[in-house]
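Enquirer: predicted model follows, preceded by the sequence.
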Amino acid sequence: MGGMSFVLNVRAETTDPERNYINKYKLGKSVLYTKGEIIDGGSGLLGLASRLAFKAMNISVSVDDLTGGKRVECKDIVEMLAVEDQLKEAFKTFKLVLEAAATFGGEEIVAME
């Protein structure tokens, strides 16, 4: 069988203050990227089997994965490039979250027009 696979190794270096914000705001389990979402998990043994199969095939990257490092395997180069682009966008958004956490004083009021 021995088909070709493409691998992305993702990892972010975080500063001590960034790690403190991740811990303080409990962001570690926050999912930054997921390849797909299950719509109907089914029920009974068949539902359990389908949920387990979906979880095994699904690509998901959380903040903990990012800070600890994660290997993402893709079936082809097109998928790898798409995942890489989506991860870069998710990381940019997360960087904004960390910047907001650095300036957050406990309460923020936003005026809506």
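Expert: That came through, no problem. Numbers count the residues shown, from 1 in each chain.

Enquirer: find the least confident helix or strand in the chain, judged by mean pLDDT.
Expert: The weakest-scoring helix or strand in the chain, judged by mean pLDDT, DSSP states H and E, is helix 44-57 (a mean of 51).

Enquirer: show me where pLDDT drops low in the protein?
Expert: 1-2, 36-58, 105-110 (pLDDT under 70).

Enquirer: which stretches of it form strands?
Expert: The residue ranges that make up the strands of the chain, judged by DSSP state E, are 6-10, 31-34, 60-62, 70-74.

Enquirer: against which helices or strands is the first one packed?
Expert: Going back to what we said before, that points to strand 6-10. Here strand 6-10 is seen to pack against strand 70-74, helix 77-103 when contacts are counted using 3 or more Cβ pairs under 8 Å, 6 or more residues apart in numbering; DSSP states H and E. To be clear about C-beta, it is placed using only N, CA and C from the backbone, and glycine gets the same treatment.

Enquirer: in the last one, what's buried?
Expert: In terms of neighbour count (16 or more other Cβ atoms under 10 Å), helix 77-103 has its buried residues at 79-80, 83, 86-87, 90-91, 94, 97-98, 101.

Enquirer: export the strands of the chain to CSV and tack on distance to residue 19?
Expert: Putting those into CSV (distance: least, Cβ to Cβ, whole Å) gives the following:
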stretch, distance to residue 19
strand 6-10, 17
strand 31-34, 16
strand 60-62, 15
strand 70-74, 17
